[in-house]
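Asker: sequence first, then the predicted structure:
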Amino acid sequence: MSNVPCYTIINSPDLEVPNEMQLKQDLEKGDTNVKIETLKKVIKLLLNGERYPGLIMTIIRFVLPVQNHTIKKLLLIFWEIVPKTSSDGKLLQEMILVCDAFRKDLQHPNEFLRGSTLRFLCKLKEPELLEPLMPAIRACLDHRHSYVRRNAVLAIFTIYKNFDWLVPDGPELIATFLDTQQDMSCKRNAFLMLLHADQERALNYLASCIDQVQSFGDILQLVIVELIYKVCHANPAERSRFIRCIYNLLNSSSNAVRYESAGTLVTLSLAPTAIKAAAGCYIELIVKESDNNVKLIVLDRLIAMKENEHMEKVMQDLVMDVLRVLAAPDIEVRRKTLALAMDLVSSRNINEMVQVLQKEVAKTHNVEHEDTGKYRQLLVRTLHTCSIKFPDVASHVIPVLVEFLSDTNELAAIDVLIFIREAIQKFPALQPLIIKHLIEAFPQIKSSKIHRAAVWILGEYVEGAQILEVIAAIQQTLGDIPMVDAEQRRLAGDQSEEQQQQGVVNNTTNSSSKVTSDGTYATQSAYSLAPVAKKEKRPPLRQYLMDGDFFIGAALSATLTKLALRYAELHPDARTQNRLTTQVMLIMSSILHLGKSGFPTKPITHDDSDRIMICLRTLSERTPEAIAVFMHDCRDALGKMLDAQHEEDQRLLKEKQRVTAKVQPDSPVNFAQLSNGRDNQLGENVFESSLNQALAGTKNAQINDISSPNNKLNKVTQLTGFSDPVYAEAYVNVNQYDIVLDVLIVNQTNDTLQSCTLELATLGDLKLVERPQPVVLAPHDFCNIKANVKVSSTENGIIFGNIVYDTALNTNVVVLNTIHIDIMDYIIPASCTDTEFRQMWQDFEWENKVTVNTSFTDLHEYLKHLLKSTNMKCLTPEKALSGQCGFLAANIYAKSIFGENALANLSIEKPVDDPDSKVTGHIRIRAKSQGMALSLGDKISSSQKQAVQVA
């Protein structure tokens with residue numbers, strides 16, 4: 001099977017196999033349209049594995065002479081896929097007639113027919129057919145039309161590559177042709193042949209016209225870039241000769257040429273001017289190219305350049321240019337751009353970067369777009385990181401970010417408060433500025449969660465005269481106190497003082513002028529209109545409480561307690577202390593009274609009620625222990641949490657920067673590395689790395705791992721038994737989006753097996769690309785059959801089928817074992833923030849709950865086993881998991897190569913006093929698709945069973 005050439009693949013639905021006599025009759029006696037349809041049917045049947053050796057002569061006699069262009073095109077496909085040799089490997093006699101037809105087509109006056117025939121000859125693998133056609137192919141090099149000439153060059157190129165003895169003077173012929181050509185497509189094909197067949201001639205041609213390269217067409221420029229890259233990597237001494245040409249091609253009018261030139265330049269030279277020129281070219285491409293996919297690809301190249309320590313220092317000067325990419329509307333492009341800029345920014349250009357980000361923040365205020373909220377959140381996080389990394393700019397950033405607190409986008413406001421909380425703890429000098437802006441923004445906040453966090457920050461860090469300001473702001477956002485009395489008055493129809501003041505203003509303007517039918521004016525008073533019921537607008541904090549959210553009331557009580565205690569420390573006068581304390585206690589008791597009054601939609605919970613009571617008792621009794629908790633312990637807990645976060649970030653940064661030895665002392669010598677080691681100034685060989693990636697399917701896999709025997713043996717699945725007449729086993733090679741089954745079939749009988757066919761079917765989101773071709777197996781012979789299966793989502797799939805073969809007596813079937821496609825081949829560990837995890841947990845509707853059934857007796861060992869078997873990453877920090885308390889809860893997360901998210905929450909326990917007891921609990925899995933949730937649950941269940949069996 002490995003010797004069979006790759007054909008043009010035409011997708012076709014399941015066809016009914018017609019009678020061969022009917023096909024012959026349609027091809028002989030049908031009109032042109034019938035012949036076209038019949039020929040299409042025959043091509044599809046041949047591609048699906050049918051064999052019609054008797055049709056070849058019919059087609060030669062009745063279809064080949066027809067001069068219809070559609071038939072001519074279909075015939076080229078037919079001759080490409082039809083078997084042209086007999087069972088003993090000799091060319092069929094009928095192909096001599098076909099060869100004559102090809103020669104006539106190569107001399108046809110129609111240039112399209114000539115060109116398409118030349119393209120077809122590139123696919124022929126039979127030198128006996130090509131040899132008589134060589135004079136006609138050579139003659140096409142001098143044809144007047146460029147379409148014929150460029151295809152003639154391609155035909156000579158492929159023939160020289162496969163059978164150089166048919167055209168021994170090929171490079172010399174094409175070099176002469178190249179010197180006389182003006183058409184760019186012809187020159188490109190000719191230069192491409194010289195590049196692969198005779199590099200010396202290609203270099204001589206390039207040296208002769210190196211000053212005119214910029215005027216060449218983009219297709220030729222791309223081939224020139226490829227030649228320079230290969231030559232300079234093979235012989236670094238040639239760099240000085242051609243690197244100027246690469247610099248010039250950075251200014252090409254073609255984006256593709258500029259992209260390839262920039263990539264080639266950074267692999268040939270690590271000089272600062274080269275890096276700056278290449279990076280500048282990449283940035284220009286991102287800014288000017290409209291396709292988001294292109295932007296993301298080029299951004300990845302910039303990020304890869306940044307990872308190189310030699311290039312990173314040079315790229316730090318290009319931060320402002322990188323930020324120009326933020327003009328792109330795509331959120332993913334903006335996310336990568338901000339991350340790249342944040343990695344490159346230094347103290348020299350942080351101020352300019354902050355100014356650009358502030359302008360971007362201003363642009364998002366009045367823009368309604370589905371990704372505007374996410375973009376604001378990105379900007380907030382970036383400004384947060386800038387302020388923590390460079391404290392000098394924090395004073396400029398805080399006023400801009402505080403404006404987000406009144407934003408309807410809760411995610412951005414939460415990120416702002418996280419930043420303010422960290423900044424106010426780490427930078428004491430900025431505390432007055434932060435408190436001032438927070439008090440100003442407090443009444444405009446629209447979310448309960450944001451108000452709750454803002455209240456905590458104010459209660460923890462406000463000092464001195466600002467204490468009274470904060471209490472006044474809280475009273476303003478609560479409304480009239482006591483609240484129950486105010487709600488009773490509102491229900492009775494009475495107006496509060498504030499509403500009465502508004503009413504006085506409104507009464508002066510509540511008359512309107514109207515025009516009657518005769519044109520005179522009539523005045524109508526508002527008091528004569530029927531009253532219109534409208535929803536009463538309450539102050540924000542009051543509205544939260546009326547909606548049943550008393551958690552904000554408990555947080556408010558804790559804050560007021562802290563403020564009262566701090567005020568008492570500052571003012572020794574008992575009367576002043578008591579006045580403020582009673583004011584604060586009135587607010588708390590009013591919240592308690594409102595919670596039990598029946599006015600809110602939900603009554604106050606016992607937890608919130610108990611917390612408010614503790615605050616009231618603390619203010620009345622003032623025990624030293626309670627005061628210490630409110631005044632010191634809360635802030636100490638925040639400091640410890642921020643320190644832990646900083647340590648975790650530093651640990652991750654060190655892991656990322658840790659340079660591991662690429663070659664261990666006892667590793668075998670790799671000659672590719674020795675050749676690259678001659679000149680350390682050369683970058684990586686991108687052709688070699690792309691070849692490794694193509695073979696491996698993923699970027700991280702090494703070519704040694706892919707080719708190692710142990711790796712292959714682990715993926716072999718036995719399909720039949722050893723005593724079956726046909727033995728089969730499959731090597732399952734999973735690439736990113738497809739699966740290649742390499743099936744070994746062994747004939748264990750003494751008979752010849754005719755039409756031995758591997759028939760496969762799939763379950764799940766798997767699709768068989770093409771049907772494997774039948775083979776003939778001699779006694780005790782074997783062969784390899786390959787089948788491709790496409791994968792479209794992350795689900796467990798099953799491939800099943802049978803082997804059908806004919807013997808001299810009858811037709812036999814051997815049923816194959818099923819092949820289970822593991823979901824783990826598509827899942828990779830990933831990380832996200834706690835906020836993103838919670839948001840996805842709310843959004844995803846499919847949940848699968850798996851009960852823990854294992855022989856593990858250690859909670860942490862079970863977590864390690866789960867992470868290893870599911871390929872997921874634990875998001876819960878190690879410090880939170882440390883210790884033995886008999887209970888463990890952790891969030892774990894992974895992402896599929898198709899972009900699907902998988903979330904899981906692990907809750908397990910075991911008695912502390914019984915070391916031999918087994919771990920119990922459950923795992924909740926959430927995903928956007930049902931298949932992902934079920935498949936991951938099945939994987940966890942099967943891994944638990946295996947662990948139990950091993951135990």
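Answerer: Everything's here; your move.
Asker: strands paired with whatever helix or strand Arg926 lives in, and their directions?
Answerer: Using DSSP states H and E, Arg926 falls within strand 920-927. Paired strands of strand 920-927, with direction, are strand 846-851 (antiparallel), strand 901-909 (antiparallel) (DSSP bridges).
Asker: now those as a markdown table including mean neighbour count, distance to Gln444 and mean pLDDT?
Answerer: Where you see a C-beta, it was placed from the backbone N, CA and C, and this is true even at glycine. A markdown table is the format used below for those (neighbours: other CB atoms under 10 Å; distance: least, CB to CB, whole Å; pLDDT from 0 to 100):
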| stretch | mean neighbour count | distance to Gln444 | mean pLDDT |
| --- | --- | --- | --- |
| strand 846-851 | 15 | 38 | 87 |
| strand 901-909 | 21 | 34 | 88 |
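Asker: turn those strands into a markdown table, columns for distance to Arg490.
Answerer: Formatted as a markdown table, the strands paired with strand 920-927 follow (distance: least, CB to CB, whole Å):
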| stretch | distance to Arg490 |
| --- | --- |
| strand 846-851 | 43 |
| strand 901-909 | 44 |
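Asker: Asp822 is nearest to which of those?
Answerer: strand 901-909 (14.3 Å; CB to CB).
Asker: CA atoms of that closest one as CSV?
Answerer: In CSV, the C-alpha atoms belonging to strand 901-909 read as follows (Å, rounded to 0.1, in the frame of the first residue of the first chain):
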residue,chain,number,x,y,z
ASN,A,901,-13.4,24.1,28.6
ALA,A,902,-13.7,21.3,31.2
LEU,A,903,-14.3,22.3,34.8
ALA,A,904,-14.3,19.9,37.8
ASN,A,905,-14.8,20.3,41.5
LEU,A,906,-13.4,17.6,43.8
SER,A,907,-14.9,17.2,47.3
ILE,A,908,-13.4,14.2,49.2
GLU,A,909,-13.1,13.2,52.9
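Asker: residues contacting that strand, please?
Answerer: By CB atoms under 8 Å, 6 or more residues apart in numbering, the residues outside strand 901-909 that reach it are 794, 827, 830, 837, 840-841, 844, 852, 859, 862-863, 866, 870, 872, 886-896, 919-928, 932-933, 936.
Asker: just the buried residues of the residues you listed.
Answerer: Buried residues within the contacts of strand 901-909, counting neighbours by 16 or more other CB atoms under 10 Å: 794, 827, 837, 840, 844, 852, 859, 862-863, 866, 870, 872, 888, 890-896, 919, 921, 923-928, 932-933, 936.
Asker: which stretches of the stretch 751-900 of the chain form helices?
Answerer: Assigned by DSSP state H, counting those that start in this stretch, the helices in the stretch 751-900 of the chain fall at 834-843, 859-870, 878-881.
Asker: about what we covered before: any idea which of the strands paired with strand 920-927 gets closest to His365?
Answerer: Nearest of the strands paired with strand 920-927 to His365, taken as CB to CB: strand 901-909 at 30.5 Å.
Asker: and the angle for that closest one with helix 859-870?
Answerer: 150 degrees (axes from the mean of the first three to the mean of the last three CA atoms, to 10 degrees).
Asker: Val740: what's it in contact with?
Answerer: Contacts of Val740 (CB under 8 Å, 6+ apart): 732-733, 786-789.
Asker: just give me the neighbour total for Ser557.
Answerer: 29 (other CB atoms under 10 Å).
Asker: following the helix or strand where Ser590 lies, which helix or strand comes up?
Answerer: For Ser590, the enclosing helix or strand under DSSP H and E is helix 574-595. Using DSSP H and E, the helix or strand that follows helix 574-595 towards the C-terminus is helix 606-621.
Asker: could I get the buried residue list for that following helix?
Answerer: Neighbour count says helix 606-621 has 608-609, 611-612, 614-616, 618-619 buried, by 16+ other CB under 10 Å.
Asker: check stretch 375-392 too.
Answerer: For stretch 375-392, the neighbour count (16+ other CB under 10 Å) marks 375-384, 386-388, 390 as buried.
Asker: mind listing what the residue nearest to Met353 when sequence neighbours are not counted touches?
Answerer: The shortest distance from Met353 to any non-neighbouring residue, by CB to CB, 6 or more residues apart in numbering, is to Val345 (5.3 Å). When contacts are counted by CB under 8 Å, 6+ apart, Val345 touches 316, 319, 353, 386, 389-390.
Asker: and Lys715, by the same measure?
Answerer: Counting by CB under 8 Å, 6+ apart, Lys715 touches 731-733.
Asker: out of the buried residues of stretch 375-392, who's nearest Asp415?
Answerer: Checking those against Asp415 with CB to CB, the nearest one is Val380 at 4.3 Å.
Asker: that closest one is in contact with Ile414, isn't it?
Answerer: No: applying CB atoms under 8 Å as the test, Val380 and Ile414 come out as separate, 9.0 Å apart.
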